[in-house]
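> no sequence on hand, only this structure:
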């Protein structure tokens, strides 16, 4: 099977020793060039678990699904993007785990990332007040000007995250969509409202340094009856039909903006991977290997 | 109103500066000696928010309720005990927030405390495997021999809490009822099973020293889809009828053991209060001020 369009989607939490010659897997989109499986034929578009390569032999076809491209969306949307893993994670994490009400105050960290920017957009479209944080002026400007967040700030410019959140949420935070962990999680707990909900999606600040682990104030967790819940996209299948319908509608009406950070060619994959850890990407990181 | 039987029930998390002459409130049981409120008459037994005193003037009767003692249980059971705050906290925290299934593995910290021992008993009666930890041999023996826990251990004798929990839960923990926070919460997260639930009821190890705050591994929280939720008894009113019916049945059949640590006289109140922080109490701490 030829991997025409491809995005790495090894979750950053996966410790990944790259051994020369070893196949590294990722979520991608490709076109079948030959098939011995009755469910797939030459020319089919598929999405699923492929590898960091121009061509992939897929032995376990349970991890593949045929891709219906008749809606005309770019194929990259399905490569772990807005119509794939990132979209489902954002939509399900927000609606299934945080159960927002209109007018509630939502905070998103790593808000210009593949999941974060979508969380904020879904929350805004639903009728929430949304503030995001990111690590560069460029990202913050994007969130405010293109993505439509109510406010955004550069956490690297804040000396006191607790004070920053007090400033952006004078009435407190109802929902925190956590992509980073660490001190930001501590500050969010301090600023949560009663019955606040924290969906724990990622811990980018802690993956490489356990010393940075958050010490959330559990007295606050009790008195404010805060719920902190970890989740994975694989548990969101029940909400998938609602997610895909809503998201396609928002895309067709232009209400949902798609932010992709694309690089080209197999040779760009390692750099693309490292960029995620360094926070260099804006939106969904996609590596395009071949034109469709 | 005369405060015949009385238990302090200022939550340990409340920072409490004791000022001479100031009235200090607590959950207690008393008998009305005089009343200008139409809902209460002389001789009525009441439970609710009283004060650290032999006699109390109650101005806000919304915090009082008439006590129906016809079931014949000791009045202390209603003074924040098994038929009051502690029972509801244990029952509601376990069944409403942790939703146990028969055969699941339950861990309880501060397990000989007023709430902890009841959590373990409810879980055992429901059909779970239950292990508790406490801070003395006497408490551990009580849990195993009188209260019927499957196992119990003295956390002060363990040099590695993570290893201790691995030993007692070789198949992992499904539910952790947390009364202590700190390192025990960290170790519990390490040993939780997929979709584990942590009900955060108390943080006794952290109240006086924020340096002891837990740093739970949020990567584990994500990958194991752990839910950590704080709660207060005041939010459990919906489960109250079920709680009181089930608990009275268990008491009548002798299945539920009541552990009280009673002291006598107003003069014993300050010591009783300090004892809770020092872990000197076993079961519900009750101060009896007068015979009924």
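It's in. All figures in this text were calculated on a predicted structure; none of them were measured in a lab.
> for the residue in the stretch 51-200 of chain A that chain B sits nearest to, which non-adjacent residue is closest in space?
Ranked by CB to the nearest CB, the top residue of the stretch 51-200 of chain A for proximity to chain B is residue A:181, at 4.7 Å. In this view, the C-beta of every residue, glycine as well, is placed from N, C-alpha and C. Counting by CB to CB, 6 or more residues apart in numbering or on different chains, residue A:203 is the residue found nearest to residue A:181 once chain neighbours are left out, at 3.6 Å.
> residues contacting the residue of the stretch 51-200 of chain A closest to chain B?
Residues counted as contacts of residue A:181 (CB atoms under 8 Å, 6 or more residues apart in numbering or on different chains) are A:200, A:202, A:203, A:204, A:205, A:206, A:212, A:213, A:214, B:218.
> who in the stretch 101-250 of chain A is up against chain B?
A:178, A:181, A:185, A:200-203, A:206-207, A:210, A:213-232, A:235 (CB under 8 Å from any CB of the partner chain).
> out of those residues, which sit inside strands?
Using DSSP state E, the members of those that fall in strands are A:178, A:200, A:227, A:228, A:229, A:230.
> pull out the buried residues from those.
A:178, A:200, A:227, A:228, A:229, A:230 (16 or more other CB atoms under 10 Å in any protein chain shown).
> now distance to residue B:110 and pLDDT too, for those, in CSV please.
Listed next are those as CSV, based on distance: CB to CB, whole Å; pLDDT from 0 to 100:
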residue, distance to residue B:110, pLDDT
A:178, 28, 97
A:200, 26, 97
A:227, 22, 98
A:228, 21, 98
A:229, 24, 98
A:230, 25, 97
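> and which of those residues is nearest to residue B:256?
residue A:227 (29.0 Å; CB to CB).
> how much space separates the closest one from residue B:240?
Counting by CB to CB, to the nearest Å, the separation of residue A:227 from residue B:240 is 21 Å.
> now do the contacts for residue A:134.
Residue A:134 touches A:110, A:111, A:112, A:116, A:140, A:143, A:152, A:154, A:155, counting by CB under 8 Å, 6+ apart.
> residue A:163: how many residues sit nearby?
13 (other CB atoms under 10 Å in any protein chain shown).
> how much space between the residue of chain A most remote from its centre and residue A:150?
Here the centre of chain A is the reference, and by CA atoms, centre = their mean the most remote residue is residue A:36, at 33.9 Å. Residue A:36 sits at a distance of 53 Å from residue A:150 (criterion: CB to CB).
> check residue A:131 too.
Taken as CB to CB, the span from residue A:131 to residue A:150 is 6 Å.
> those two: which has the busier surroundings?
A side-by-side neighbour count of residue A:131 and residue A:150, using other CB under 10 Å, places residue A:131 first with 23 against 17.
> the host helix or strand of the more buried one: partners in the sheet, and parallel or antiparallel?
Using DSSP states H and E, residue A:131 maps to strand A:129-134. Applying DSSP bridges, strand A:129-134 is found paired with strand A:105-108 (parallel), strand A:151-154 (parallel).
> tell me the buried residues in the following helix or strand past the first one?
Read in the C-terminal direction, the helix or strand following strand A:105-108 is helix A:116-126, with elements assigned using DSSP H and E. By neighbour count, and taking 16+ other CB under 10 Å as the criterion, the buried residues in helix A:116-126 are A:116, A:117, A:118, A:119, A:120, A:121, A:122, A:123, A:124, A:126.
> what packs against helix A:116-126?
Judged by 3 or more CB pairs under 8 Å, 6 or more residues apart in numbering or on different chains; DSSP states H and E, helix A:116-126 is in contact with helix A:85-92, strand A:105-108, strand A:129-134, strand A:173-178.
> let's have the strands paired with strand A:129-134 in JSON lines, adding mean neighbour count, mean pLDDT and distance to residue B:169.
Shown next, in JSON lines, are the strands paired with strand A:129-134 (neighbours: other CB atoms under 10 Å in any protein chain shown; pLDDT from 0 to 100; distance: least, CB to CB, whole Å):
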{"stretch": "strand A:105-108", "mean neighbour count": "28", "mean pLDDT": "98", "distance to residue B:169": "35"}
{"stretch": "strand A:151-154", "mean neighbour count": "18", "mean pLDDT": "98", "distance to residue B:169": "42"}
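> go ahead and confirm residue A:272 touches residue A:288.
No. The criterion here is CB atoms under 8 Å, and residue A:272 misses it with residue A:288 at 10.4 Å.
> now do the shared contacts for the two.
In contact with both residue A:272 and residue A:288: residue A:263, using CB under 8 Å, 6+ apart.
> tell me the SS of residue A:285?
strand (DSSP: H, G, I helix; E, B strand; the rest coil).
> does the nearest residue to it once chain neighbours are set aside count as helix, strand or coil?
Nearest non-adjacent residue to residue A:285, counting by CB to CB, 6+ apart: residue A:261, 5.0 Å away. Here residue A:261 is recorded as strand under three-state DSSP.
> residue A:261 contacts residue A:288, correct?
No. In this structure, residue A:261 is not within contact of residue A:288 by CB under 8 Å, at 11.2 Å.
> what angle do the strand holding residue A:131 and strand A:173-178 make?
Between strand A:129-134 and strand A:173-178, the angle comes out at 30 degrees (axes from the mean of the first three to the mean of the last three CA atoms, to 10 degrees).
> average pLDDT across strand A:129-134?
What strand A:129-134 shows for mean pLDDT is 98.
> C-terminal to it, what's the next element?
The helix or strand immediately downstream of strand A:129-134 is helix A:137-142, counting by DSSP H and E.
> would you mark the buried spots in that next one?
For helix A:137-142, by 16+ other CB under 10 Å, it's A:139, A:140, A:142.
> that older thread, how about the ones in strands among the residues of the stretch 101-250 of chain A next to chain B, which pair is most distant?
A:178 and A:227 (12.1 Å).
> now for those two: what residues contact both?
With CB under 8 Å, 6+ apart, residue A:178 and residue A:227 have common neighbours residue A:198.
> contacting residues for the residue most central in space within chain A?
Computing the C-alpha centroid of chain A and ranking residues by CA atoms, centre = their mean puts residue A:115 first, at 2.1 Å. Residues counted as contacts of residue A:115 (CB under 8 Å, 6+ apart) are A:86, A:89, A:90, A:93, A:179, A:201, A:202.
> OK, contacts around the fourth one?
Contacts here follow CB under 8 Å, 6+ apart; on that basis residue A:93 touches A:115, A:119, A:177, A:199, A:201, A:231, A:236.
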